[in-house]
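Undergrad: quick one, structure for this:
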Amino acid sequence: MATTDLLVDLQDDLVSDDTSNALGQLKLSPLDAKTWPTECDGDLKSGKEEYSPEIVDPPPNLKWDDPYYDIARRQIVEVAGDDNFGRKVIVFSACRMPPSHQLDHTQLLKYLKHTLDKYVESDYSVVYFHYGLNSQNKPSFAWLLEAYKEFDRKYKKNIKALYIVHPTRLIKAFLVVFKPIISMKFGRKILYVNHLGELEQYLKCERMVIPLCVKRFDERIQAAQKPMPPEPKKQLPHQQFGISLPELREKDHDHKAIPLVMEQTAAYIKKHGLNKEGIFRRSANMYLVKEVLEKYNNGVPVDFETYNDVHLAAVMLKTFLRELPEPLLTYSLYNQVVLFGKVAESKQIETIAEMIRSLPQDNFTVLHYLVELLGTIADNSDLNKMTTSNLALVFGPALLWAKDAAISLSAINPINHFTQLLFENYTEIFSAK
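TA: Numbering: from 1, shown residues only. Predicted structure coming up:
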């Protein structure tokens, strides 16, 4: 393979870009202004703290005979719900990689593809926690070449952002070395994130699987930099996002049970999105997402017809659900849903109906409204390609997450399974007495 094929743009448009100064034009976080530690510099002062990979307990639902057991048990690769722009987030933690002689890198590559296969048809982002990469666990250059060849256009076309958290001189040097062959569009997808506070601009860190050693390292970095404490957020008089359903109902002049954001986005999606391929799988322009969110929160009327983008309405609906103070399915149902696979198949629909009936009335009404909309989307799946399975992948993590804990890949699978059954059988479930 030619050297210039090593790092091409993720949208396959290298030929059309002037790549000779691509990285020079990137708006990356200013590394030069900071004194960053070298690889695995665990102590910011001495740089001599010995590093060992973070050991975690195997996921509870992982079976010992799983073909990827040795990789999956280390939780190097995880799925962390959606970012603030409606894109699925894949997390890669270098600190959980053991020394190279203890890890089958070929299996790691296969497992990474196996994980991505479930999400690459949708827009997605990757968060790479760089802390913990060292001379002992660093993959070989030959492996990087193999990985590049394996990740064809199927995996590249829908990646929208690569967040490199806690970058070091190695990453900076790597990009400089390959500067002539990295396209500008790929460069624009790369964002250096100096600390977790910066990452909060793009996704909710408390719902992510962030290794403990990464959090501790981040605390030392921020203590050394003495950043300004964030200003507390004040609730706006007309705020729609981040407000509980009962509060929204009380705010509404007519005390409607269906929140304004859901009502308007659903109406626009029914009008323009039923036949739109990939509805709910595509992201929207991040500046427009922020603009519409601010309009809603400031009581400014929103007319989606002026934006002429059904994906924007779809992202705003998902964002509304993710921003609820408590998930629509509530914290109280979390453990029951995660353990739902243990329910006998003959009892599953009945069990779901009982769980749904236990929801507060506001949650029950809004959930019913939502699944009816998604049922209509699924009825047109021959055109929009959004089956109940695809919709469950998108909406599962937006309907349920753990309280004071990050959602892991082992929890996402049963949540998605539960959500799919809910979507497929919603008429029977909601009519149950």
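Undergrad: for Ile159, give its distance to Tyr287.
TA: 19 Å (C-beta to C-beta, to the nearest Å). No exception for glycine: its C-beta is placed from N, CA and C like everyone else's.
Undergrad: actually Gln102, sorry about that
TA: 45 Å.
Undergrad: now do the contacts for the nearest residue to Phe395 once chain neighbours are set aside.
TA: Closest residue in space to Phe395, ignoring its immediate chain neighbours: Thr419 at 6.0 Å, by C-beta to C-beta, 6 or more residues apart in numbering. By C-beta atoms under 8 Å, 6 or more residues apart in numbering, the residues touching Thr419 are Leu391, Ala392, Phe395, Gly396, Leu399, Leu400.
Undergrad: now these in a markdown table, with pLDDT and secondary structure?
TA: Below are the contacts of Thr419 laid out as a markdown table (pLDDT from 0 to 100; DSSP: H, G, I helix; E, B strand; the rest coil):
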| residue | pLDDT | secondary structure |
| --- | --- | --- |
| Leu391 | 96 | helix |
| Ala392 | 95 | helix |
| Phe395 | 94 | helix |
| Gly396 | 92 | helix |
| Leu399 | 95 | helix |
| Leu400 | 93 | coil |
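Undergrad: before we move on, back to that, please identify which of Gln102 and Tyr287 sits among more neighbours.
TA: Taking neighbours as other C-beta atoms under 10 Å, Gln102 and Tyr287 compare with Gln102 leading, 12 against 8.
Undergrad: ramachandran coordinates for the more buried one?
TA: Phi and psi for Gln102, reported as degrees, to the nearest 10, are phi -100, psi 0.
Undergrad: ok, now Val79?
TA: Torsion angles, degrees, to the nearest 10, at Val79: phi -110, psi 130.
Undergrad: beta-bridge partners for it, please?
TA: Ile90 (DSSP bridges).
Undergrad: how many neighbouring residues does it have?
TA: The burial count for Val79: 26, using other C-beta under 10 Å.
Undergrad: I'd guessed it sits against Val91; true?
TA: Yes: under the criterion of C-beta atoms under 8 Å, Val79 makes contact with Val91 at 7.3 Å.
Undergrad: so what touches the longest helix along the chain?
TA: Under DSSP state H, the helix in the chain containing the largest number of residues is helix 361-379. With contact meaning C-beta under 8 Å, 6+ apart, helix 361-379 is reached by 245-246, 249, 257-259, 262, 266, 269-270, 273-274, 279-280, 321, 328-330, 356-357, 359, 384, 386-388, 391, 395, 399, 422-423, 426-427, 430.
Undergrad: what are the buried residues along the helix or strand hosting Lys154?
TA: Taking DSSP states H and E as the criterion, Lys154 maps to helix 153-156. Within helix 153-156, the residues scored as buried using 16 or more other C-beta atoms under 10 Å are Tyr155, Lys156.
Undergrad: likewise for stretch 254-272?
TA: For stretch 254-272, by 16+ other C-beta under 10 Å, it's Ala257, Ile258, Pro259, Leu260, Val261, Met262, Gln264, Thr265, Ala266, Tyr268, Ile269, His272.
Undergrad: hey, where'd the helices end up in the stretch 301-433 of the chain?
TA: Ranges of helices within the stretch 301-433 of the chain are 310-323, 334-338, 348-357, 361-379, 381-384, 388-399, 409-424, 426-431, based on DSSP state H, counting those that start in this stretch.
Undergrad: the residue nearest the centre of the chain: what's it in contact with?
TA: The chain has Val89 as the residue nearest its centroid, 2.5 Å off, counting by C-alpha atoms, centre = their mean. Neighbour list for Val89: Val79, Ala80, Gly81, Asp82, Asp83, Tyr124, Ser125, Val126, Val127, Leu203, Met208 [criterion: C-beta under 8 Å, 6+ apart].
Undergrad: pull out the buried members of these.
TA: Neighbour-count burial (16+ other C-beta under 10 Å) applied to the contacts of Val89 gives Val79, Ala80, Gly81, Asp82, Asp83, Tyr124, Ser125, Val126, Val127, Leu203, Met208.
Undergrad: contact partners for the fourth one?
TA: Think Asp82. Lys88, Val89, Leu203, Lys318, Arg322, Pro397, Ala398.
Undergrad: how about the third one, phi and psi?
TA: Which is Leu203. Dihedral angles for Leu203 - degrees, to the nearest 10 - are phi -160, psi 170.
Undergrad: in the stretch 101-250 of the chain, where is pLDDT below threshold?
TA: Residues of the stretch 101-250 of the chain that meet the criterion pLDDT under 70 lie in 175-186, 226-233.
Undergrad: where do the helices of it begin and end?
TA: With DSSP H, counting those that start in this stretch, the ranges of helices along the stretch 101-250 of the chain come out as 105-116, 141-150, 153-156, 169-177, 184-189, 196-199, 212-225, 245-251.
Undergrad: which residues touch the last one?
TA: Outside of helix 245-251, the residues that reach it under the criterion C-beta under 8 Å, 6+ apart are 238, 240, 243, 255-257, 259-260, 324, 360, 362-363, 366.
Undergrad: tell me how the protein divides into domains.
TA: 8-225, 245-431 (automatic domain parsing).
Undergrad: right, and the ones you listed - which one's nearest Lys234?
TA: Between Lys234 and the domains of the chain, the tightest spacing by C-beta to C-beta is seen for domain 245-431, at 10.9 Å.
Undergrad: quick one: end-to-end distance for that closest one.
TA: Domain 245-431 has an end-to-end distance of 22 Å (criterion: C-alpha to C-alpha, to the nearest Å).
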